[in-house]
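**Q** Show me how the following folds:
(one chain, ligands or ions: 2)
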Amino acid sequence: MTARYADIALRLALPGSLQFGVPENLQESLRIGQRVMVPLRGGRDVGYVVGISEEPKVRGIRPIERVLDAEPHLPDDLLELMLWVSNHYLAPIGTVLRAAVPQAVHYEGTSKAVARERHFLTAVAAIPAEQAEALLPDLALRAPAQAVALAALCRAQGRPIPASTLNRAALDALQKKGLVTLGSAGMRRGILPPSETPVEPAPLTPAQAAVFARIIPALAGGAKPLLVQGVTGSGKTELYLRAIRALPAGRQALVLVPEVSLTIQLIRHLRERLPFPIAVWHHQLSDGEKFDLWRAIRRGEVRTVVGTRSAIFAPLPRLGLIVVDEEQEASFKQEDTPCYHARDAAIVRAERCGAAVILGSATPSLESRRNAEVDAFTLLRLPGRYTGLPLPEVEIVDLRTFAAPGRRSLGARGEAPRLIAPPLIDAAREALDRGDQVLFFLNRRGFAPHTQCRACGAGVSCPNCRVSLVFHAPERSHLCHYCGYRVEAPDVCPSCGAAELRLSGSGTQRLELEIRTAFPGREVLRLDRDTASRKGAGARVVADFESGRADILVGTQLVAKGLHFPRLTLVGVISPDLLLNLPDFRAAERAFSLVAQVAGRAGRGERAGRVLVQTWQPDHYALEAARTHDYESFYARETAFRRELDYPPFFDLVALRLDGPNLSRLGETADEIGARLRGMLGRAEEQGACRVLGPVPAPLEKIRNRWRSQILVKARPLEAATGPLRAAAGSLHEAARSAGVRLLIDVSPLNLM
Ligand SMILES: [Zn+2]
Ligand SMILES: [Zn+2]
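**A** Ligands and ions are numbered 1, 2, ... in the order given. Here you go, the predicted structure:
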């Protein structure tokens with residue numbers, strides 16, 4: 001086909017791509033994936049060719065100005081993945097481009113990039129420092145700016161430094177004289193070399209060997225995704241490492257992890273075992289780091305990339321294996337457009353490029369496990385720990401037997417209720433006396449989530465959100481966990497002036513305080529969003545605890561996953577009730593998974609572990625299954641409930657989330673969109689393929705001064721809903737926009753709050 005017209009994806013939130021004409025001299029050579037410069041709105045912009053055709057779609061089409069790269073900028077499978085994400089998740093291709101390709105890469109080498117690229121440009125002295133220093137005195141007289149720049153480069157002793165820190169004109173002049181080399185080649189930010197002390201692997205256990213024997217043939221490509229269901233401590237990481245090493249020459253691996261601050265240990269293993277550099281990709285990288293790293297990955301300079309969700313778009317040219325560790329984690333799903341799920345995208349990308357996929361989990365998501373049941377995935381099990389030790393013994397502590405009437409809320413003035421029940425205190429003391437480490441898990445940060453006036457009953461809530469403010473003790477402030485609003489904690493009730501404000505409920509700060517009181521002289525560390533927010537801070541807490549500098553670690557779900565502390569033998573789960581009571585049909589699954597994960601931190605070394613779960617709902621089936629380490633019984637019970645109510649994994653969901661500043665306009669718009677959906681999906685509803693629920697106020701009714709409403713569509717197959725929605729999305733968005741309402745369509749949502 002002659003490429004007379006080309007569909008160009010631009011980095012804009014347009015509903016689709018735009019068509020441009022192809023000049024005659026390019027009609028034979030233009031290829032999908034190439035970057036082009038196109039005229040736009042009186043200026044010009046950079047886009048990607050995503051389709052070619054012989055016929056125009058509209059009149060008055062303008063031609064492409066020029067092609068920017070001789071070779072396609074993106075690997076074919078990556079471009080195909082982006083188009084799939086756009087189509088499957090009903091997301092404008094421009095928003096997918098923004099998620100997938102760093103801005104600096106998108107505009108690389110164009111006039112739009114000049115200002116940015118200077119920051120990434122590095123300078124290095126082109127001659128030995130002694131020679132350069134000898135030139136300085138003369139140079140200082142004739143061209144002082146050049147002398148300053150050259151002196152800085154001498155001080156750097158051959159290391160490249162960012163060109164943006166020096167005078168650019170001076171650098172250019174020095175380059176002309178052959179005294180300085182400019183470029184970005186010298187900097188390899190985000191790429192880690194192999195460890196200087198490589199570690200020899202321990203032999204595989206028979207169970208690991210059996211699973212590995214099934215992984216090997218899959219590495220040749222074309223196999224179904226492998227779901228490795230291995231209990232905590234079963235040695236899944238070892239299998240990932242061996243699979244990466246066993247890849248055919250020239251093929252690369254991508255390892256997706258749920259959270260970058262939790263990957264320190266994984267990265268260390270990779271560096272100890274793989275004889276080549278690895279790249280680490282995550283959203284905390286600066287623009288410059290992303291630019292350098294992206295290009296190094298694109299050129300095939302790294303054989304393994306480790307990263308969070310967005311690393312699924314890493315431009316590895318010859319991908320041979322994708323590992324999704326802790327595949328059940330909700331953080332793989334992006335909650336803003338494009339609302340893609342990195343695990344599902346991994347499966348699609350692997351299919352396109354013939355790579356193998358390994359999904360690893362101790363507690364697979366119901367969706368993945370169901371896929372194994374219907375033979376879409378291959379299920380491989382690791383039923384025991386590689387140390388041969390049993391899984392930790394899990395005991396349920398029934399809080400009702402310790403609670404005197406009225407003790408649940410604050411007792412007498414100044415006397416706080418005990419947050420930790422006596423059996424847990426005793427068990428912790430015993431473990432600490434043996435020289436072991438203890439972990440306490442509570443899935444809420446801050447000191448206390450509620451503050452109420454005992455005189456007038458008023459609570460302290462966020463002025464922007466319909467939630468109560470959380471008291472944070474270190475700053476003596478009230479903080480909104482949704483919008484970040486912060487106010488100094490008042491001494492008296494803001495409503496009536498009485499000095500009767502009382503804190504209730506507990507977060508990790510209060511837990512830490514209570515632990516320090518109960519175990520004087522013990523070193524206590526806390527790991528939650530507050531202590532891990534600064535870059536590298538989370539890693540320091542983990543390293544300190546690992547080295548034994550602390551006896552007790554307190555934390556939120558940040559401590560639950562993937563970490564390995566050999567001396568940790570006791571885990572205390574403080575309030576799984578917080579998880580169980582969320583108004584979300586996945587609450588039990590999350591609670592089960594999280595309790596199993598955190599319990600799995602205990603007893604991974606030479607001594608057996610013990611776990612105490614204190615709860616008000618000791619008979620809940622999710623906790624009972626966690627107690628007996630019985631995924632199968634949980635799966636059976638939970639899937640029966642989901643099947644009964646037409647929830648995933650039996651029906652798929654599409655959530656339409658609406659929010660706006662005006663409650664009544666939001667209500668009207670939501671009603672209108674709901675009615676249009678019912679009209680559009682009426683036939684599918686009659687056939688039982690769809691059900692439209694709502695609109696209803698979202699459980700979090702108002703956030704950041706915007707009221708929130710949602711409509712849920714249940715569909716089987718998913719296309720029964722997304723097909724009609726894809727065609728109508730533009731007009732639904734327009735209806736919302738004209739009413740001042742924001743509409744987000746979330747396909748297969750994980751968060752319904
Ligand atoms: Zn009051
Ligand atoms: Zn707020």
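
**Q** Hmm, residue 264 is touching residue 543, no?
**A** Yes. Counting by Cβ atoms under 8 Å, residue 264 does reach residue 543; the two are 7.1 Å apart. Bear in mind the C-beta positions are built from the backbone N, C-alpha and C, glycine included.

**Q** tell me the SS of residue 558?
**A** helix (DSSP: H, G, I helix; E, B strand; the rest coil).

**Q** now do the one 4 residues further on
**A** Look at residue 562: counting by three-state DSSP, its state is coil.

**Q** ok, now residue 614?
**A** strand.

**Q** which stretches of the stretch 601-750 of the chain have low pLDDT?
**A** Within the stretch 601-750 of the chain, not a single segment meets pLDDT under 70.

**Q** How about the residue of it found nearest ligand 1: what's its closest non-neighbour residue?
**A** As assessed by Cβ to the ion, ligand 1 sits closest to residue 702 within the stretch 601-750 of the chain, at 22.4 Å. Among residues not flanking residue 702 along the chain, residue 466 sits closest, at 4.1 Å (Cβ to Cβ, 6 or more residues apart in numbering).

**Q** Please tell me the pLDDT value assigned to that neighbour.
**A** With respect to pLDDT, residue 466 scores 93.

**Q** tell me the secondary structure for it?
**A** coil.

**Q** how about stretch 435-442: buried residues?
**A** 436, 437, 438, 439, 440, 441, 442 (16 or more other Cβ atoms under 10 Å).

**Q** Not counting its neighbours along the chain, what's nearest residue 290?
**A** Residue 290 sits nearest to residue 102 (Cβ to Cβ, 6+ apart), 4.1 Å away.

**Q** My read is that that neighbour contacts residue 291, right?
**A** Yes. Assessed by Cβ under 8 Å, residue 102 is found in contact with residue 291 at 6.0 Å.

**Q** Neighbour count: these two, which is higher?
**A** Applying other Cβ atoms under 10 Å to residue 102 and residue 291 shows that residue 291 carries more neighbours, namely 24 against 21.

**Q** Check the secondary structure at that one for me.
**A** Per three-state DSSP, residue 291 ends up helix.

**Q** That one is in contact with residue 101, isn't it?
**A** No. Counting by Cβ under 8 Å, residue 291 does not reach residue 101; the two are 10.7 Å apart.

**Q** now the residue nearest to residue 702: how far from ligand 1?
**A** Separation of residue 466 from ligand 1 (Cβ to the ion, to the nearest Å): 19 Å.

**Q** Counting neighbours, what do you get for that residue?
**A** Residue 466, neighbours per other Cβ under 10 Å, totals 16.

**Q** so which helix or strand takes in residue 90?
**A** For residue 90, there is no host helix or strand (DSSP states H and E).

**Q** surely it meets residue 726?
**A** Yes. In this structure, residue 90 is within contact of residue 726 by Cβ under 8 Å, at 5.6 Å.

**Q** More neighbours: those two, which one.
**A** residue 90 (22 against 14).

**Q** Run through the helices of the stretch 551-700 of the chain in chain order.
**A** For the stretch 551-700 of the chain, helices defined by DSSP state H, counting those that start in this stretch occupy the ranges 577-580, 587-599, 621-627, 631-644, 663-680, 682-686.

**Q** State the distance from the most centrally placed residue in the chain to ligand 2.
**A** Among the residues of the chain, the one closest to the centroid is residue 331, at 4.1 Å (Cα atoms, centre = their mean). Noted for residue 331: a distance of 22 Å to ligand 2, by Cβ to the ion.

**Q** do residue 709 as well
**A** In terms of Cβ to the ion, residue 709 sits 18 Å off from ligand 2.

**Q** how far off helix 663-680 does the biggest strand by length in the chain point, in degrees?
**A** Of all the segments of type strand in the chain, defined by DSSP state E, the longest one is strand 690-703. Angle, strand 690-703 to helix 663-680, by axes from the mean of the first three to the mean of the last three Cα atoms, to 10 degrees: 170 degrees.

**Q** so what does strand 690-703 touch, helix or strand wise?
**A** Counting contacts by 3 or more Cβ pairs under 8 Å, 6 or more residues apart in numbering; DSSP states H and E, strand 690-703 packs against strand 652-660, helix 663-680, helix 682-686, strand 706-715.

**Q** ok, residues contacting stretch 219-227?
**A** 214-215, 217-218, 243, 246-248, 320-321, 327, 347, 350, 354-359, 361, 364, 368-369, 371-372, 375-380 (Cβ atoms under 8 Å, 6 or more residues apart in numbering).

**Q** for the record, mean pLDDT for that stretch?
**A** pLDDT averaged over stretch 219-227 gives 95.

**Q** Could you work out the end-to-end span of that stretch for me?
**A** End-to-end span of stretch 219-227 (Cα to Cα, to the nearest Å): 14 Å.

**Q** quick one: buried residues of that stretch?
**A** 219, 221, 223, 224, 225, 226, 227.

**Q** These: which two are farthest apart?
**A** 221 and 227 (17.8 Å; Cβ to Cβ).

**Q** Show me where the stretch 151-300 of the chain has its strands.
**A** Counting by DSSP state E, counting those that start in this stretch, residue ranges of the strands within the stretch 151-300 of the chain are 161-162, 180-183, 191-192, 226-230, 252-256, 278-281.

**Q** What helices and strands are in contact with the third one?
**A** With contacts taken as 3+ Cβ pairs under 8 Å, 6+ apart, strand 191-192 sits against strand 278-281.

**Q** Show me what the strand it packs on pairs with in its sheet, parallel or antiparallel.
**A** strand 191-192 (antiparallel), strand 304-307 (parallel) (DSSP bridges).

**Q** Name the next helix or strand downstream of the longest one, please.
**A** Translated: strand 304-307. Following strand 304-307 in sequence, per DSSP H and E, is strand 319-325.
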